[in-house]
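Q: have a look at this prediction, sequence included:
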Amino acid sequence: MRRLIGLALVATMLALGFAARAEEGGVDPAKVSDSLKAIFQFGSASTKQALNANTVTLITGTIGGTYVQIGADLASVLDDGNKLRVLPIVGRGSVQSVADILFLQGVDIGIVRADTLDYLERKGFAKDIKKQFTYVTKLYNEEMQILAPKSIKTLRDLEGKTVSVDLPNGSTFVTVLTVAERLGVKANWVYIEQRIAMEKLKKGEVDAVIVVGGKPYKSVSSFQNDGRFHLVKVDYERPLQGDYLPATLTSKDYPNLIPEGESVDTIAVPALLAAYNWAPNTDRYRKLTNFVDAFFTKFPQFQHPPFHPKWKEVSLAAPLPGWTRLPYAQQWLDTHGIEPLSRSKFDDFLKQSSAAGKMPSEADKEALFRQFKTWEAEQNARAQAPASKSR
């Protein structure tokens with residue numbers, strides 16, 4: 001009995017304390033904080049149900065990577081009390097995220113690199129795995145960044161060298177090994193966590209460190225360069241043109257590694273927001289529809305500071321070959337009249353621009369189209385912002 005009386009007194013004092021502070025500050029935090037309301041209603045079945053029913057869990061990537069920052073941005077903009085909460089989780093990279101989306105209880109969506117599922121199937125780790133996934137939207141392109149001594153000029157100079165490609169739970173190694181196989185480059189690939197690999201590079205214990213992630217990537221931009229190192233060029237060779245895109249790194253991206261006014265050519269691979277292929281009549285599918293409604297409606301907000309500059313590359317309607325879009329996401333885009341650049345329009349443009357000259361070959365046309373899409377995504381994303389606000 002004494003304990004119950006004591007707890008009652010404590011509760012009363014806490015309530016009076018909150019009230020007093022509210023009078024001093026002019027605003028009662030309990031009136032504006034859903035977290036406080038949830039605590040005050042602890043034990044309420046309805047509160048527990050509301051919190052769980054409208055929380056979407058997002059698996060991201062490693063600390064310091066672009067995925068984590070994108071996840072934080074989504075939570076910042078989309079959280080809306082008990083109506084929707086986006087809960088980002090620090091992950092281990094694209095390969096682990098694929099496993100988490102498939103098997104980890106409660107994970108609704110995740111950021112995955114486009115070439116990961118193909119790699120898993122090609123190496124025999126999975127069969128027909130794409131049928132188990134849908135995508136909400138293509139996000140942005142992730143650039144390949146190779147840090148090495150200045151004596152190494154191009155990716156092909158890595159032949160026979162010791163090269164760190166991050167840990168095998170991520171996806172840097174997936175892209176690196178795929179690219180190396182296509183170009184016939186053979187190196188001693190080692191799996192070392194990026195921060196440790198950077199230190200080994202400085203000591204000469206590895207010859208290069210490769211990072212594949214959205215620029216500016218924190219571990220690359222924060223690399224303390226003593227003048228010995230730079231970013232290595234990656235040529236957009238024909239074997240890469242089916243699944244990868246041309247990209248450029250500039251001195252504005254990495255002033256610590258690229259001299260002012262200069263740039264370095266490289267390649268990029270798309271990242272996407274992926275989900276398990278839930279049936280439309282399930283509660284998990286309902287959560288995804290809530291997320292899509294909020295994300296697509298508020299999308300223009302992501303393209304301005306303080307959010308990650310990679311958001312400016314995102315075009316919601318951009319197609320992703322080989323992937324099936326979440327049906328509700330496609331329905332939302334159709335309803336709001338948001339369409340990607342059609343291939344037929346691009347072909348018409350080529351015919352007009354080549355009227356007086358020779359038409360490029362089919363392979364060259366495909367490469368040109370992919371390059372054009374990279375440029376078009378940035379332009380379309382900027383133009384889309386005011387249009388979406390008017391709807």
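A: Thanks, I have it.

Q: C-alpha only now, for contacts and for neighbours.
A: Fine.

Q: how about the residue lying closest to residue 229 once chain neighbours are set aside, phi and psi?
A: With Cα to Cα, 6 or more residues apart in numbering as the criterion, residue 229 has its nearest non-adjacent residue at 4.3 Å, and that residue is residue 149. The phi/psi pair for residue 149 (degrees, to the nearest 10) reads phi -60, psi 160.

Q: go ahead and confirm residue 149 touches residue 225.
A: No - assessed by Cα atoms under 8 Å, residue 149 is found out of contact with residue 225, at 10.3 Å.

Q: more neighbours, the two?
A: residue 149 (18 against 13; other Cα atoms under 10 Å).

Q: for the more buried one, give its distance to residue 263.
A: In this view, residue 149 and residue 263 are 17 Å apart by Cα to Cα, to the nearest Å.

Q: with residue 293 instead?
A: Distance from residue 293 to residue 263, by Cα to Cα: 39 Å.

Q: rewinding a little: show me the contacts for the residue nearest to residue 229.
A: 207, 208, 228, 229, 230 (Cα atoms under 8 Å, 6 or more residues apart in numbering).

Q: give me the pLDDT for it.
A: We note a pLDDT of 97 for residue 149 in this prediction.

Q: and for the one 4 residues further on?
A: At residue 153, the predicted lDDT confidence score is 96.

Q: what pLDDT is listed against the residue nearest to it when sequence neighbours are not counted?
A: The spatial neighbour of residue 153 that comes closest, neighbours along the chain excluded (Cα to Cα, 6+ apart), is residue 232 at 5.6 Å. pLDDT recorded at residue 232 is 97.

Q: what of residue 243?
A: Confidence score, pLDDT, at residue 243: 83.

Q: against residue 83, how distant is it?
A: 38 Å.

Q: try residue 253
A: From residue 253 to residue 83 the distance is 38 Å (Cα to Cα).

Q: so the two - more neighbours on which side?
A: More crowded of residue 253 and residue 83, by other Cα under 10 Å: residue 253, with 16 against 13.

Q: just checking, that one touches residue 216?
A: Yes - here residue 253 reaches residue 216: they are 5.5 Å apart, a contact under Cα under 8 Å.

Q: got a pLDDT number for the residue positioned nearest the centre of the chain?
A: Closest residue to the average C-alpha location of the chain: residue 67 at 4.5 Å, with Cα atoms, centre = their mean. What the model reports as pLDDT for residue 67 is 88.

Q: look up phi and psi at it.
A: phi -60, psi -40.

Q: mind listing what it touches?
A: 60, 61, 111.

Q: so which of those residues sits lowest on pLDDT?
A: Among those, pLDDT bottoms out at residue 61, giving 83.

Q: how would you label it: helix, strand or coil?
A: Using DSSP: H, G, I helix; E, B strand; the rest coil, the structure places residue 61 in coil.

Q: how about it: what's its closest non-neighbour residue?
A: Here the residue nearest residue 61, using Cα to Cα, 6+ apart, is residue 91, at 4.1 Å.

Q: surely that neighbour meets residue 64?
A: No - using Cα under 8 Å, residue 91 is not in contact with residue 64; the gap is 11.2 Å.

Q: so these two - more neighbours on which side?
A: Higher neighbour count among residue 91 and residue 64: residue 91, with 22 against 11, using other Cα under 10 Å.

Q: residues in contact with the more buried one?
A: Contacts of residue 91 by Cα under 8 Å, 6+ apart are 59, 60, 61, 62, 97.

Q: now do residue 72
A: Here residue 72 is in contact with residue 88 (Cα under 8 Å, 6+ apart).

Q: if you set the cut-off to 10 Å instead, what comes out?
A: 58, 60, 66, 86, 87, 88, 89, 307, 308 (Cα atoms under 10 Å, 6 or more residues apart in numbering).

Q: and the closest residue to the third one other than its chain neighbours, how many neighbours?
A: The reference is to residue 66. Nearest residue to residue 66 in three dimensions, chain neighbours excluded: residue 214, at 5.8 Å (Cα to Cα, 6+ apart). As a burial measure, residue 214 scores 23 neighbours (other Cα under 10 Å).

Q: ok, residue 214 - contacts?
A: Residue 214 touches 65-67, 140-145, 268-271, 308-310, counting by Cα under 10 Å, 6+ apart.

Q: so of those, which ones are in strands?
A: Within these, residues falling in strands by DSSP state E are 140, 141, 142, 143, 144, 145, 268, 269, 270, 271.

Q: now the fourth one: closest residue in space, sequence neighbours ignored.
A: If you skip the residues right next to it in sequence, residue 143 has residue 268 as its closest partner in space, 4.2 Å away by Cα to Cα, 6+ apart.

Q: right, and that neighbour touches residue 211 too?
A: No - contact criterion Cα atoms under 10 Å: residue 268 and residue 211 do not qualify, at 11.1 Å.

Q: what's the overlap in contacts for the two?
A: Counting by Cα under 10 Å, 6+ apart, the residues touching both residue 268 and residue 211 are 142, 143, 144, 145, 175.

Q: pick out the most distant pair among those.
A: 145 and 175 (11.5 Å; Cα to Cα).

Q: could you name every residue contacting both of these two?
A: With Cα under 10 Å, 6+ apart, residue 145 and residue 175 have common neighbours 211, 212, 268.

Q: what about those, which one has the most neighbours?
A: residue 212 (26 neighbours).

Q: is it true that that one lies in a strand?
A: Yes - with three-state DSSP as the criterion, residue 212 is located in a strand.

Q: the closest residue to it other than its chain neighbours: neighbour count?
A: Excluding the flanking residues, the one nearest residue 212 by Cα to Cα, 6+ apart is residue 144, at 4.4 Å. Number of residues near residue 144 (other Cα under 10 Å) recorded here: 27.

Q: that'll do, ta.
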